[in-house]
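Peer 1: coords below, sequence missing:
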């Protein structure tokens, strides 16, 4: 009984943290899945998530400046301003990528990596220079007011027992991530739009011949994917990091999100669980006792990457027809190619 | 269609082409490979956009800028390379791009497909995934896709190239039904027999230009051939007598299984002799590719043996060796693959670099010898009159016929003992084809054992000494090309060989 | 039926071929546009006039003799990584694992210097060279092995290997930290300077630059004139053709990635033994990614990479000078670099395609 109880206590403390870690990954992988279903391998996702985060931060920062000047807090604006800013920021990134790869048929890998360089630089630059640029007096970017609104839990969560802690203790962006993932999965598998989208990614020439506007589908899917991924950045800074922006803190989550897409065989519904699993792997080192040998913790931090590698290898070894990437992934489409 | 011109880079695909299509009629578009038939039709289907010229529909000028535009005028095209998404089911493929009102319901689509099947006599399971389908089933999906959209004008691009005669017969029945239902059917072909059998009217194209338009019943094969090639040609191919034939390659009980585990070759046995051309006939996809690849060491063999017999009478086993080993043993196999650019040449490399593919390993240094291949390239370009700006042009930029010449030229330049060719004249004009036939005959005279996989029975009968007929991965017979006829070989291709009947 | 549809304004066709000087003309134009955009952005952020921006960038990278040599040293390292990833890219193997391969090379170098610190430099250096090359090559061969036999996605594989390498370095940094609890190794062998590259004349960076120059020439000749290089092009051009002529594709993939990894390992060696004399998780500074772009911009020509890596490093140094002058974050350089990259990527479209505007024709003549 004692062992069971301590396991329960462990889960109650571990699971919510795993979920909180998993949500940015879920946003990123859902966004990337939509993009990849349209045949675009967007390696710019890490950069886009930075931009999504910092754009929200800039919006919130400017709004909080006004609050500091004495304006009253408007609950609607304090949510909407960062949200809209974040969406616009990542939309811009999506448009850059789309323009380069779809309209100009550029190499997707190069365009994506450039976007990541640019996006991370953009995030760190404004993260490090915002205070200077706006000439404000604060010592660091800590958007605590905004964060309070973003991390509001379900109203009845605290009163409940372990059930509440595990299932109800998250903010609206976390639930939104899960809903978006399930809706995306449904749209891809069960609707006409989803069917057309899959055709665009599998075989654009066929989709084109069937009268599907290939370019438009690619544009919309890529931009929508970017915006969803960008929300991951916003969630991270506003909820997980309590509104404190520190440069490079978001780290490599964007790359893990891309890896998750393969892990979940292009199914955002599976990604809900997989991202929580990855979120758990990400923080597992905190729970493994290492005693005085602190260095070991660094090795445990390898876990998510090693697991990704193992999954990559296994999924490539058993080639199941339905579990392969979209056939047209990574190839620019030019109708008159012959 | 009036005054249509379309160019790709420096190649003119269509020049001032024109065409009329009427309802309730089957129109055949006849032309050599590369005469611009497909390009012209692609412009009608919205795949390509003409550089200049106009298209009229019921007397009004229209613009077809995309396949969507084509559909709105009831134009549907069945392409030679099927435009299907492999991981989706038949019904899903049909539903692609449809703009029906109401909730999306794949079951309703499937039910409508079954109706269409009944109406025209197709057999198809709408829930089957495309990657599990045979070629003729895929074609059925394509046709249903077009019918589902209520097309009035159906364009079929060489629909019979991949079908057995029985399947062809079935298809023709369906097409006649459609004509009788008032639809316009356009069939692109280069086979005279199909024109005669099926069409009401025929339009002939030559080198991208419109040559003539006649009612099928008012013409005959000879007249059409004249329109097709521009001047009378003798279909005579020289066939020198074999010189001192000796067994060169001996294949025994060869069994090959594809990666997916499907039996591709079942107990194949035959002997190819030096100084002789062994033709291989069969509907494409019946094991020709696997057979040649097995001999060249590119295809894993499940059981059986392939022996190479040296001049001194000794022999070497080829099974289990990789392609390079087979070359190094002194056995030269020269293989013109079906898919020229994808397997045999590197499109991004120039002619010289492509010449090196066979020979670059020569010499013991770490460095490449680039001088010799350069002179080989010069010779090939000169001897086969390859049309290229210079030797530094990437082969991808050459036209199909010239790519083929580069490939065949290189294979022959390596002075083989055994020359394997598959579809060596596919996509070549008549003159280039004859150049290739001459080259192959030249090799035969020098005592090379030639194995020639072809699709045109007339050519096989005229060129080869013996013909091996493959059907469903088995040898349905080996006949003397001088004594057999098209009818007999055609019957064997569809599994009606004497041996089979007795069994 | 629809009424008259408007005709498309233009349509896109592939170019036949473009003279090399026109192609490079388009690219240079793109770079100039990017410079203009960068100047505009900088003016907006700092209020400097556009000419002043480039004055500042120029001063920031060439200003003093020391700045000049730091610039050269940075170009050398970036160039080294760029030529390292090139053979793999020519093979269409997307090696974005340069970071990890540099890190393990650096780690191996540092390990030799720490564990064998008592050896004199002359004995230590060969061991360090071998160790860094071996470590980098190993890191390159692992993804290549899985790519060759199971077609495992190499982009993600090499990416994940980066983080495995990062954590490996993080682990050893703590194991070897000086003093305990400092979280960093500090300068290795500061007093003895064992395992440090010797200065040539008075210049401690010259040896790095010379090594990279030699490697650049080597890679150029390897790719252009050797049988290996030819095989790489064939595999990259068409894997089917490669198999058809009997090239062992698996072997070529692994051999090439071993070379790629080894060269990255050497970059790690140069960073530790020639420049920093320590190892940190951020020692490669994103060069593994930047190099992908440098190589691609240079169309995989090692000599052209001298120019492209100069362009990138020059902008980076200049931009970081500007950002420190104005108290801004150093990531400013990434934004300017990003703009340049976007412009050049976009320019490739105009090299390969051309727009044809449809002229209205008179109906019926």
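Peer 2: All right, it came through fine. In this text, all values refer to a predicted model and were calculated from it rather than measured experimentally.

Peer 1: C-alpha only now, for contacts and for neighbours.
Peer 2: Fine.

Peer 1: Residue B:468 looks like it's in a strand, true?
Peer 2: Yes - applying DSSP: H, G, I helix; E, B strand; the rest coil, one finds residue B:468 inside a strand.

Peer 1: Off-centre distance for stretch B:358-366?
Peer 2: Relative to its chain's centre, stretch B:358-366 lies at 34 Å (Cα atoms, centre = their mean, to the nearest Å).

Peer 1: Could you list the low-confidence segments of the chain?
Peer 2: I'll assume chain A. Scanning chain A for pLDDT under 70 picks out the ranges A:1-2, A:155-160, A:319-323, A:335-338.

Peer 1: Can you look at chain C instead?
Peer 2: C:1-11, C:15-18, C:357-365.

Peer 1: try it again with 50
Peer 2: For chain C, the stretches flagged by pLDDT under 50 are C:1-6, C:360-365.

Peer 1: What segments of it are strands?
Peer 2: For chain C, the strands defined by DSSP state E cover C:10-14, C:353-357.

Peer 1: Show me where the chain has its helices.
Peer 2: No chain specified, so I'll use chain A. Under the criterion DSSP state H, chain A contains helices at A:2-37, A:45-68, A:75-98, A:108-134, A:144-150, A:162-163, A:172-190, A:192-202, A:204-209, A:214-235, A:253-263, A:268-283, A:295-300, A:303-317.

Peer 1: oops, I was thinking of chain C
Peer 2: Secondary structure of chain C by DSSP H: the helices cover C:20-46, C:50-62, C:65-90, C:98-115, C:121-150, C:154-175, C:206-225, C:227-237, C:239-244, C:249-269, C:287-297, C:302-325, C:332-352.

Peer 1: Ok, which of the ones you listed comes nearest residue A:15?
Peer 2: helix C:154-175 (24.1 Å; Cα to Cα).

Peer 1: Let me see the residues that make contact with that closest one.
Peer 2: Helix C:154-175 has contacts (Cα atoms under 8 Å, 6 or more residues apart in numbering or on different chains) with A:255, A:259, A:294-299, A:301-302, A:305-306, A:308-309, A:312, C:93-101, C:103-104, C:107, C:139-140, C:143-144, C:147, C:181, C:183-185, C:279-281.

Peer 1: chain center to it, what's the gap?
Peer 2: Per Cα atoms, centre = their mean, the centroid offset for helix C:154-175 relative to its chain is 18 Å.

Peer 1: so that helix versus helix C:287-297, what angle?
Peer 2: 150 degrees (axes from the mean of the first three to the mean of the last three Cα atoms, to 10 degrees).

Peer 1: contacting residues for the closest residue to residue A:236 other than its chain neighbours?
Peer 2: Nearest residue to residue A:236, sequence neighbours excluded (Cα to Cα, 6 or more residues apart in numbering or on different chains): residue A:24, at 6.2 Å. Counting by Cα under 8 Å, 6+ apart, residue A:24 touches A:229, A:231-233, A:235-236, A:253.

Peer 1: Distance check, residue A:24 against residue C:55.
Peer 2: As judged by Cα to Cα, to the nearest Å, residue A:24 and residue C:55 stand 42 Å apart.

Peer 1: what does residue A:56 give?
Peer 2: As judged by Cα to Cα, residue A:56 and residue C:55 stand 34 Å apart.

Peer 1: So which of those two has more stuff around it?
Peer 2: Using other Cα atoms under 10 Å in any protein chain shown as the criterion, residue A:56 and residue C:55 rank with residue A:56 on top: 30 against 13.

Peer 1: Spatially central residue for chain C, please.
Peer 2: Nearest to the mean C-alpha position of chain C, by Cα atoms, centre = their mean, lies residue C:291 at 1.3 Å.

Peer 1: and the closest residue to that one other than its chain neighbours, how many neighbours?
Peer 2: Nearest in space to residue C:291, with sequence neighbours left out and distances taken as Cα to Cα, 6+ apart, is residue C:82 at 4.4 Å. For residue C:82, the count of nearby residues is 34 (other Cα under 10 Å).

Peer 1: one step back: pull out the buried members of the contacts of residue A:24.
Peer 2: Buried members of the contacts of residue A:24, scored by 16 or more other Cα atoms under 10 Å in any protein chain shown, are A:229, A:231-233, A:235-236, A:253.

Peer 1: out of those residues, who's nearest chain B?
Peer 2: For those, the residue nearest chain B by Cα to the nearest Cα is residue A:229; the value is 26.9 Å.

Peer 1: The closest one and residue A:94: what is the separation?
Peer 2: According to Cα to Cα, residue A:229 stands 10 Å off from residue A:94.

Peer 1: got the contact list for residue A:282?
Peer 2: Residues near residue A:282 by Cα under 8 Å, 6+ apart: A:18, A:21, A:301, A:303-304.

Peer 1: Mind putting the buried ones among the contacts of residue A:24 into a markdown table with distance to residue B:66?
Peer 2: As requested, those are exported to a markdown table (distance: Cα to Cα, whole Å):
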| residue | distance to residue B:66 |
| --- | --- |
| A:229 | 32 |
| A:231 | 36 |
| A:232 | 38 |
| A:233 | 39 |
| A:235 | 42 |
| A:236 | 44 |
| A:253 | 41 |
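
Peer 1: which residues touch stretch B:312-323?
Peer 2: With Cα under 8 Å, 6+ apart as the contact definition, stretch B:312-323 has outside contacts at B:294-298, B:300-301, B:305-310, B:326, C:243-246.

Peer 1: ah, wrong one, I meant stretch B:349-369
Peer 2: By Cα under 8 Å, 6+ apart, the list of residues contacting stretch B:349-369 reads B:345-346, B:370, B:373-374, B:376-377, B:391-396, B:406, B:410, B:414, C:225-228, C:230, C:237, C:245.
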